[in-house]
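S.K.: Generate coordinates for the sequence data below:
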Amino acid sequence: MANQISAIRGMNDIYGDEAVAFDYLIGTAEKTLKQYGFNSIRLPIVEKTELFARSIGEVTDIVEKEMYTFADRNGESLTLRPEGTAGCVRAIVQNGLSHNQIQKLYYTGSMFRYERPQKGRYRQFHQFGVEVFGLATPDIDAELIVLTARLWEQLGLENLELQINSLGSQEARVAYREKLVAYLSEHKASLDEDSLRRLDSNPLRILDTKNPDMKTIVEGAPKLIDHLDEESKAHFETVKSHLEDIGIPFVVNPNLVRGLDYYNRTVFEWVTTELGAQGTVCAGGRYDGLVEQIGGKSTPAVGFAMGIERLVALLMDKQFVPAMAQADLYIVTAGENTSRPGLVISEMIRDAFPKINVQMNCGGGSFKSQFKKADKSGASFAIVMGEQEVENKEVALKSLRVEAEQKTLKWDDLINHLNTIFNA
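M.R.: Predicted coordinates:
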């Protein structure tokens, strides 16, 4: 026997209740997005490496350490997408979708980062992303946050905290960066190795450190929110006012900077304490300069991404996931000439009752073994077709969950009788 081949570390099979939870989450999210006028877009998994280097930032951890990058047969550097926004921006630029028009788009799929696998953080993970192009006003920032709050309500999720901040304009951030570097340089002896590496390349990320030993230094650092340009201040105040009008509580977190270079003005995260260290389940913000940075015309943009694995873990912990699909009717066919008419009957029932789950026994077997399968399927009723029933163009309808008399029905009468059961 050949050696068993295992999945790659950090790239997991999803099945059973977890797969049901995935489908439930994505289906609920799609319904919610459509309520707000969004349309779907499907994006490639592989993009040119340059796209991510240019958009995410060459000195970010993602580009420097975490991307799956390889050369194709023509020697071109390609990368498995580590996030979805850059690819979506590339798509709207390449296809001319942002010219004098508003685009409200969503997508879902796999992302890839070479990280140390742990609960809620995998090398292949799934995101549900939302992007809006062509709107610069704070009302759309607020609507995206309100939209996520509605989704948590529809999923039954509670105890998620909304943290918001403003990163201001690019010019304000450059001026603030100088003040921050000056402050951190004064405390250089107390910085950890990761912060020392970021001091010159990406000092704002030091504010988002998870190292508890850095807490005092970070708390004493100058706050970006105190150095915003006037326009960004007004924008942020309006976003907060909209959230207050809707009644969505939030915390202003001045150290919330997000891990990608392209953000400006509004940034936000939904966090939980119920998943250990990986507490962020949804994050996003405004990135007005990215479309132009990738080669398009200057276009305001804002969006967010949800971590599907983390939200699925919350749903499963709280048992908010529908049960795996079970049969309503199970077709039992035993005898040489019963499987073909059994298939015809099963399709006839599906045509008449699109919402009923009809499971057809396949693979033969005795009546006893098929009834065991019927019971395991969760079906309320079995439709029994032996050779005698087929000869008489009849079926036997047997209740599997409650005591009831078995009924014999002509094929022509079956649909009407089932209508009295399922549409009563």
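S.K.: wait, doesn't residue 164 sit right on residue 266?
M.R.: Yes - counting by CB atoms under 8 Å, residue 164 does reach residue 266; the two are 6.9 Å apart. Using the backbone N, CA and C atoms, a C-beta is placed for each residue, glycine as well.
S.K.: Domain-wise, how is the protein divided?
M.R.: Taking automatic domain parsing as the criterion, the chain consists of the domains 16-169+228-317, 329-422.
S.K.: okay, these in CSV with mean neighbour count, mean pLDDT and distance to residue 194 next?
M.R.: Output for the domains of the chain, formatted as CSV (neighbours: other CB atoms under 10 Å; pLDDT from 0 to 100; distance: least, CB to CB, whole Å):
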stretch, mean neighbour count, mean pLDDT, distance to residue 194
domain 16-169+228-317, 18, 89, 9
domain 329-422, 16, 87, 51
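S.K.: can you list residues touching both of residue 164 and residue 266?
M.R.: Shared contacts of residue 164 and residue 266 (CB atoms under 8 Å, 6 or more residues apart in numbering): residue 239.
S.K.: before we move on, back to that, Throw the domains of the chain into JSON lines and include distance to residue 185, thanks.
M.R.: Formatted as JSON lines, the domains of the chain follow (distance: least, CB to CB, whole Å):
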{"stretch": "domain 16-169+228-317", "distance to residue 185": "18"}
{"stretch": "domain 329-422", "distance to residue 185": "65"}
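S.K.: Residue 186: which of those is closest?
M.R.: Checking these against residue 186 by CB to CB gives domain 16-169+228-317 as the closest, at 18.3 Å.
S.K.: and the closest residue to residue 336 other than its chain neighbours, what does it touch?
M.R.: Nearest residue to residue 336, sequence neighbours excluded (CB to CB, 6 or more residues apart in numbering): residue 387, at 6.9 Å. Counting by CB under 8 Å, 6+ apart, residue 387 makes contact with 334, 335, 336, 337, 338.
S.K.: ok, 7 Å please
M.R.: 335, 336, 337, 338 (CB atoms under 7 Å, 6 or more residues apart in numbering).
S.K.: Among those, which one sits closest to residue 234?
M.R.: residue 338 (74.7 Å).
S.K.: Now do the contacts for that closest one.
M.R.: With the criterion set at CB under 7 Å, 6+ apart, residue 338 makes contact with 385, 386, 387, 390.
S.K.: Now the residues you listed in a markdown table, please, with extra columns for distance to residue 316 and secondary structure.
M.R.: Output for those, formatted as a markdown table (distance: CB to CB, whole Å; DSSP: H, G, I helix; E, B strand; the rest coil):
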| residue | distance to residue 316 | secondary structure |
| --- | --- | --- |
| 385 | 39 | strand |
| 386 | 42 | strand |
| 387 | 46 | helix |
| 390 | 44 | helix |
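S.K.: tell me the two of those that are most distant?
M.R.: Among the contacts of residue 338, 385 and 387 lie farthest apart (CB to CB), at 8.6 Å.
S.K.: ok, which stretches of the stretch 151-300 of the chain are strands?
M.R.: With DSSP state E, counting those that start in this stretch, the ranges of strands along the stretch 151-300 of the chain come out as 161-166, 251-252, 264-271, 280-286.
S.K.: Quick one, which of the ones you listed gets closest to residue 98.
M.R.: Comparing the strands of the stretch 151-300 of the chain by CB to CB, strand 280-286 comes nearest, at 15.2 Å.
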